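Student: give me a model of this one.
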Amino acid sequence: MVSEQLFKFSAIVEKLKGGPLDKFAEGFCCWLLDHGFKRHTISSHFYRLIRFGKYLDSNNTDIHNGISIKEVKTLFKGHSHHCLKTGSSDTDIRRAGYSINRFIQYLRESGHPDLLQEQDIYKPVLDAYINWMRHYKHASDGTLGVRIHSLKQFLQWLGPEATPAGLAKLTADRVEGFFLGYAKEMGRAARRSMQSALRTFLRFCLQKGYIDRPLDMAVPTLRTYKLATVPAGLNETEAQQILKGVNRNSRVGRRDYAILQMLYTYGVRGGQVRALQLEDIDWEHNLILFRALKHGKDIQLPLTAEVGESMLDYLQNSRPESSFPHVFLTSRAPYQPLSYSSSLSAIIDRHIRAAGIDSPRRGAHVFRHGFATRMVKKGHSLKEIADVLGHRHLGTTFIYTKVELNALEQVALGWPKEVLPCDH
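Tutor: The predicted structure is shown next:
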């Protein structure tokens, strides 16, 4: 099938041959076809890649001998300046960057590590830390992802000193200076994440002998008060306004509506929506399972008519064919799960703005906070709210009592069913 489709692109594939990117032409075309890219999109990618290849050729760049990601980015900057001089628009340059990023993704997935190998000086140290966290601290992949995101910023800040020899010169003042500068620009969650990452990293460095004295306590503790603020959530009117504003006649709209309807109905975390798989929906018994996040609990809830209908509309009419088991996929090829929280936040932010709602926060938590607030106002008990939200400790749920203390009547309704490990 792919080989037959490849024949349709033979002419444009040939144009890429003979240049510095020739040996990747057919493989890249097959990869685009396998990932569901449309014919006109594939042609556009090749057209832009041909122009980039000509630029590499004019600069005598021998890509066959290997080239790092940083070098590709540097070359693309030069290519961008060249395009501006020849009258190309900013839009043309942005689209060229998108095509080159797709080419880089193909190379990574197709076993060309020699071509695009990370050359960051801190990589050996970071890899050793990841191995230590995984084997000695038994950290989960989710925890590692958060730690890596934070530590990369610190290691990049260290620059050439982000090596075992360079870390030996690290002082408490430098650690404190970095963290205080970082904390000025970031919110509470980001500060706490960086604080944890730095402290575990510095303990690792001491154990490995990179530093000769404990520096983990040099990371300042910035006092915050858990119940100091009221959760920023959407009220009922705002939530309904957002749902009604979604265009359900488009492929993207049907997906987005199903996501928003789920967030509104269950108050689950964005990560639980992104992780939802087809097998988690029990259509026969009208149940839906949300997997635990952040040391919470798996919860199984009734599949409401609104959520069921919106998901069926998306699954039958909009979800692209894919081997991924996840319910929600990207709307553009290559079709894959919404791997990053920022992807879901962007979807929510777009619809909040379209509804003309002024909200200080625009991620999945605005629906979660709104859901919890509605439960409080309806008189549900803290225990039930904690069960539905997947909280293990009532203290986590207690912040919502600030919204309306008079509504806290301890009524046992017993709606959600906790799923124990033996039930899976």
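Student: hey, let's count contacts and neighbours off CA atoms from now on
Tutor: Noted.
Student: so what's residue 154 up against?
Tutor: Neighbouring residues of residue 154 by C-alpha atoms under 8 Å, 6 or more residues apart in numbering: residue 178.
Student: what's the burial count for residue 279?
Tutor: By the criterion of other C-alpha atoms under 10 Å, residue 279 has 12 neighbours.
Student: so is it in a helix, a strand, or just coil?
Tutor: helix (DSSP: H, G, I helix; E, B strand; the rest coil).
Student: any low-confidence regions in the protein?
Tutor: Across the chain, residues meeting the criterion (pLDDT under 70) sit at 1-20, 60-75, 79, 82-87, 111-119, 223-233, 294-296, 360-362, 380-382, 384-424.
Student: domain parsing for it?
Tutor: Per the record, the chain has its domains at 2-109, 123-218, 236-423, by automatic domain parsing.
Student: check contacts around residue 282.
Tutor: residue 288.
Student: can you mark which positions in stretch 134-148 are buried?
Tutor: 139, 144, 147, 148 (16 or more other C-alpha atoms under 10 Å).
Student: my guess is the first one contacts residue 133. True?
Tutor: The reference is to residue 139. Yes. In this structure, residue 139 is within contact of residue 133 by C-alpha atoms under 8 Å, at 5.6 Å.
Student: without its sequence neighbours, what residue ends up closest to residue 264?
Tutor: Excluding its sequence neighbours, the residue lying closest to residue 264 (C-alpha to C-alpha, 6 or more residues apart in numbering) is residue 367, at 5.5 Å.
Student: surely that neighbour is in contact with residue 262?
Tutor: No. Using C-alpha under 8 Å, residue 367 makes no contact with residue 262, being 9.5 Å away.
Student: between these two, who's got more neighbours?
Tutor: More crowded of residue 367 and residue 262, by other C-alpha under 10 Å: residue 367, with 29 against 22.
Student: tell me where the stretch 151-300 of the chain has helices.
Tutor: 164-167, 172-185, 188-208, 236-244, 251-266, 270-275 (DSSP state H, counting those that start in this stretch).
Student: may I see the buried residues of the longest one?
Tutor: Of all the residues in helix 188-208, those buried under the rule 16+ other C-alpha under 10 Å are 191-206.
Student: and the angle from that helix to helix 172-185?
Tutor: Per axes from the mean of the first three to the mean of the last three C-alpha atoms, to 10 degrees, the angle that helix 188-208 makes with helix 172-185 is 160 degrees.
Student: how far off centre is helix 188-208?
Tutor: 21 Å (C-alpha atoms, centre = their mean, to the nearest Å).
Student: what of the fourth one?
Tutor: How far helix 236-244 lies from its chain's middle: 25 Å, per C-alpha atoms, centre = their mean.
Student: likewise the first one?
Tutor: Helix 164-167 has its average C-alpha position 31 Å from the chain's average C-alpha position, going by C-alpha atoms, centre = their mean.
Student: in it, what's buried?
Tutor: Buried residues in helix 164-167 (16+ other C-alpha under 10 Å): 164, 167.
Student: ok so, going back, nearest to residue 175 among the buried residues of helix 188-208?
Tutor: residue 198 (8.6 Å; C-alpha to C-alpha).
Student: so what's that closest one up against?
Tutor: Taking C-alpha under 8 Å, 6+ apart, one finds 151, 216, 219 in contact with residue 198.
Student: which residue is the nearest non-sequential neighbour of the first one?
Tutor: In space, and not counting its chain neighbours, residue 151 is closest to residue 197: 6.4 Å by C-alpha to C-alpha, 6+ apart.
Student: who touches that neighbour in this structure?
Tutor: Residue 197 neighbours (C-alpha under 8 Å, 6+ apart): 147, 148, 150, 151.
Student: of the residues you listed, which belong to helices?
Tutor: 147, 148, 150, 151 (DSSP state H).
Student: report the separation between the first one and residue 138.
Tutor: Look at residue 147 and residue 138: by C-alpha to C-alpha, to the nearest Å, they are 13 Å apart.
Student: same thing with residue 260?
Tutor: Residue 260 is 34 Å from residue 138, by C-alpha to C-alpha.
Student: and residue 53, by the same measure?
Tutor: For residue 53, the distance to residue 138 - C-alpha to C-alpha - is 45 Å.
Student: tell me the secondary structure at residue 320.
Tutor: coil.
Student: my read: it touches residue 334, true?
Tutor: No. If you go by C-alpha under 8 Å, residue 320 and residue 334 don't touch, sitting 10.1 Å apart.
Student: shared neighbours of the two, anything?
Tutor: Between them, residue 320 and residue 334 share no contacting residue, judged by C-alpha under 8 Å, 6+ apart.
Student: for the nearest residue to residue 221 once chain neighbours are set aside, give its distance to residue 219.
Tutor: Distances taken as C-alpha to C-alpha, 6+ apart place residue 195 nearest to residue 221, at 7.8 Å, with adjacent residues excluded. Distance from residue 195 to residue 219, counting by C-alpha to C-alpha: 7 Å.
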